[in-house]
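S.K.: here's my sequence, what's the structure:
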Amino acid sequence: MRATSNFRRLLQDRKAAVSVITAVSLVMMVGFSGAAVDFGSVFLQTRQLQGMTDLAAMAAAGDLSQAQLAAQESAAQNNWNLPITTTATTGTYTPNSDIPVNQRFTPNTASPNAARVTLASTANLYFASLLLGKKSLAISRTATAAQGALASFAMGTELASLNGGVENALLSGLTGSSISLDVMDYNELLGAQVDLFQYTQALATRLNLKGVSYNQTLATQVTTGTALGAIVDILNAAGNTAAANAVGKIISGVNSQTITVGQLLDLGPYGSQDYIQTNGPSGFSVDALQLANAMLLLAQGGRQVQLNLNGLIPGVGSITAWLAIGQQPSNSPWLTITGDNSVVISTAQARLYVDAQVSPVGLSGVTSVNLPIYTELASAQAKLSSVTCGSNESVTVSVAPSIGETAIGTVDTTYLNDFTHELTISPATMVNVLNLVTATGQAQINVGGNDWQNLSFDANAIQNHTIETADTTNAISETLTSLLGNLSINVQIFGLGLGISKSAITNGIISSLNAVATPLDNVVDGVTDLLGIGLGEAHVWVNGVRCQGPVLAQ
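M.R.: Numbering: from 1, shown residues only. Here you go, the predicted structure:
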């Protein structure tokens with residue numbers, strides 16, 4: 001009974017309850033604190049291992065031929081006192097934002113540009129070993145590094161000859177004034193290189209922008225005069241006053257239209273910076289004439305201009321051309337710096353309508369033969385395919401040339417710059433003698449086959465900004481000659497006793513047009529070449545390569 005009574009009193013006595021609870025809680029708190037310390041230690045060791053893995057991946061990417069050895073040596077140089085396993089795999093990294101991050105690295109490819117490294121080891125456990133029943137925890141980290149190679153490329157001007165006629169006509173049409181540059185001016189502009197980063201800084205100075213990135217400067221709306229003026233600043237700073245004066249002649253005729261230069265220039269990974277580390281020029285440049293042309297074309301996007309081409313061809317009384325330039329495709333610059341083969345540059349759509357009055361050959365009573373030529377050019381596209389650094393520096397660009405159509409026939413120029421409106425090509429009245437004899441004609445050729453094709457540029461081509469041309473599968477080298485081969489002529493003779501045969505008129509028209517086919521082709525091609533595209537063509541060049549050390553990709 002006494003024992004039972006004592007037990008009951010013990011149960012009823014609460015004087016020591018706090019002490020008991022505290023003792024039990026302290027044991028649990030010490031256990032959890034120990035586990036927290038251990039897990040914190042594991043976290044820090046994992047962070048350290050990640051840093052080691054990042055360095056090992058960059059070492060492997062820097063020496064892809066011996067990636068495993070390079071990764072092992074990098075890991076061994078770190079102060080890691082536990083056994084570690086290094087696994088390096090080479091492959092191709094595709095920096096395409098449309099591809100999920102974990103799928104951008106393709107292992108074991110024939111031409112690798114990246115390495116993926118995994119470091120596996122253990123992290124020691126102390127207090128937590130009592131809870132987990134083991135003295136260490138397996139940890140591993142993975143990193144991917146790619147070779148940091150960037151290339152700058154563009155689609156643009158191709159000048160077959162420097163006679164000044166077509167170029168002056170285009171500049172005059174684009175500026176709405178009379179521009180007259182001589183051959184020396186053009187030679188100076190073509191030989192004057194404008195560094196893209198120095199240009200952007202000069203533009204920021206003109207706009208009084210301070211502490212802003214390259215992208216912020218290029219995103220600012222400016223007048224064409226201001227944009228061209230920054231070219232003058234760069235040329236004068238380089239001591240090239242002759243080229244600067246030539247640009248000044250263009251500026252004297254420009255109007256107050258505004259442009260955003262960022263629609264032309266994409267500085268890629270450097271755009272968010274306000275400087276790049278370089279001694280002198282960056283290695284990315286473009287000639288002054290190409291840059292000036294691109295700015296004026298951008299200012300005219302969505303409009304049409306009329307060009308006076310009179311006097312360029314003997315045997316042609318007058319040549320008038322109407323040029324319509326579509327808006328630059330969204331998010332598509334004219335020139336880009338990138339290592340990403342998903343970045344596509346595109347030309348704008350263009351329409352060219354040329355009306356020529358040709359001197360007749362063998363057609364008595366006919367004062368001239370009317371020849372209207374219509375050409376419609378779809379956008380051409382280009383994207384980076386590959387960059388090779390080192391002694392065999394090279395760049396490959398994938399190009400989808402322009403497609404479109406060309407025709408002998410009349411169109412309504414009212415809708416020429418409305419690219420949502422499909423133009424109707426009607427038979428052209430080529431000869432009309434007092435409404436007694438008329439001859440109408442029409443011909444049309446469609447050019448297609450816009451498959452992607454590769455253009456390769458070696459170190460010499462890159463240094464000299466050599467322009468390469470991509471052609472569609474059925475490109476036309478001599479447009480007018482091809483059209484004349486398909487020309488259908490309908491002759492109508494009204495009245496009696498004129499003594500004129502339909503075949504004589506047809507032969508006379510063909511003879512008249514054949515006499516001027518080649519020079520007219522040169523004029524039409526000259527205008528489209530200045531746009532950077534021709535029918536079934538695209539003109540592309542690489543204007544710089546910058547090979548950096550490996551960079552982390554994942």
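S.K.: what bridges to the nearest residue to residue 502 once chain neighbours are set aside?
M.R.: In space, and not counting its chain neighbours, residue 502 is closest to residue 491: 4.1 Å by Cβ to Cβ, 6 or more residues apart in numbering. Where C-beta positions appear, they are placed from N, C-alpha and C, glycine not excepted. When bridges are called by DSSP bridges, residue 491 pairs up with residue 439.
S.K.: assess the claim that residue 491 and residue 439 are in contact.
M.R.: Yes: shown here, residue 491 and residue 439 form a contact pair, counting by Cβ atoms under 8 Å, at 4.7 Å.
S.K.: and the residue nearest to residue 502, how many neighbours does it have?
M.R.: Using other Cβ atoms under 10 Å, residue 491 has 19 neighbouring residues.
S.K.: do the same with residue 364
M.R.: That count, for residue 364 with other Cβ under 10 Å as the rule, works out to 10.
S.K.: make sure it is indeed in a strand.
M.R.: No: residue assignment for residue 364, taken from DSSP: H, G, I helix; E, B strand; the rest coil, gives coil, which places it outside any strand.
S.K.: need the pLDDT of it.
M.R.: Listed pLDDT for residue 364 reads 78.
S.K.: gap between the residue nearest to residue 502 and residue 425?
M.R.: Separation of residue 491 from residue 425 (Cβ to Cβ, to the nearest Å): 20 Å.
S.K.: what of residue 103?
M.R.: Between residue 103 and residue 425 the distance, using Cβ to Cβ, works out to 47 Å.
S.K.: out of the two, which sits in the busier spot?
M.R.: residue 425 (19 against 9).
S.K.: what's near enough to touch the more buried one?
M.R.: Contacts for residue 425 were tallied using Cβ atoms under 8 Å, 6 or more residues apart in numbering; they are 374, 407, 409, 410, 411, 442, 444.
S.K.: give the residue spans of the stretch 251-400 of the chain that score low on pLDDT.
M.R.: Segments of the stretch 251-400 of the chain classed as low confidence (criterion: pLDDT under 70) are 277-280, 330-331.
S.K.: now do the chain
M.R.: Counting by pLDDT under 70, the chain contains low-confidence ranges at 1-40, 97, 126-133, 157-164, 277-280, 330-331, 450, 495-499, 554.
S.K.: can you list the domains in it?
M.R.: What the record gives for the chain is the domain set 57-74+85-110, 150-179+253-257+300-552, from automatic domain parsing.
S.K.: tell me the most buried of these?
M.R.: Most buried of these by mean neighbour count (mean count of other Cβ atoms under 10 Å) is domain 150-179+253-257+300-552; its value is a mean of 19.
S.K.: need the overlap of contacts for residue 491 and residue 439.
M.R.: Overlap between the neighbourhoods of residue 491 and residue 439 consists of 505, 506, taking contacts as Cβ under 8 Å, 6+ apart.
S.K.: how about the strands in the stretch 401-550 of the chain?
M.R.: Assignment of strands within the stretch 401-550 of the chain using DSSP state E, counting those that start in this stretch yields the ranges 404-408, 428-433, 437-447, 453-458, 468-471, 488-493, 537-547.
S.K.: that older thread, among the domains of the chain, which is nearest residue 116?
M.R.: Judged by Cβ to Cβ, the one of those that comes nearest to residue 116 is domain 57-74+85-110, at 4.9 Å.
S.K.: I figured residue 430 was touching residue 443, is that so?
M.R.: No: using Cβ under 8 Å, residue 430 is not in contact with residue 443; the gap is 11.1 Å.
S.K.: center of this protein - which residue?
M.R.: A centroid search over the chain (Cα atoms, centre = their mean) returns residue 345, at 3.1 Å, as the residue closest to the centre.
S.K.: sorry, back to before: residue contacts, the residue nearest to residue 502?
M.R.: 437, 438, 439, 502, 505, 506.
S.K.: in CSV, list the contacts of residue 425 along with distance to residue 175.
M.R.: Compiled in CSV, the contacts of residue 425 are given as follows (distance: Cβ to Cβ, whole Å):
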residue, distance to residue 175
374, 25
407, 29
409, 30
410, 28
411, 25
442, 35
444, 33
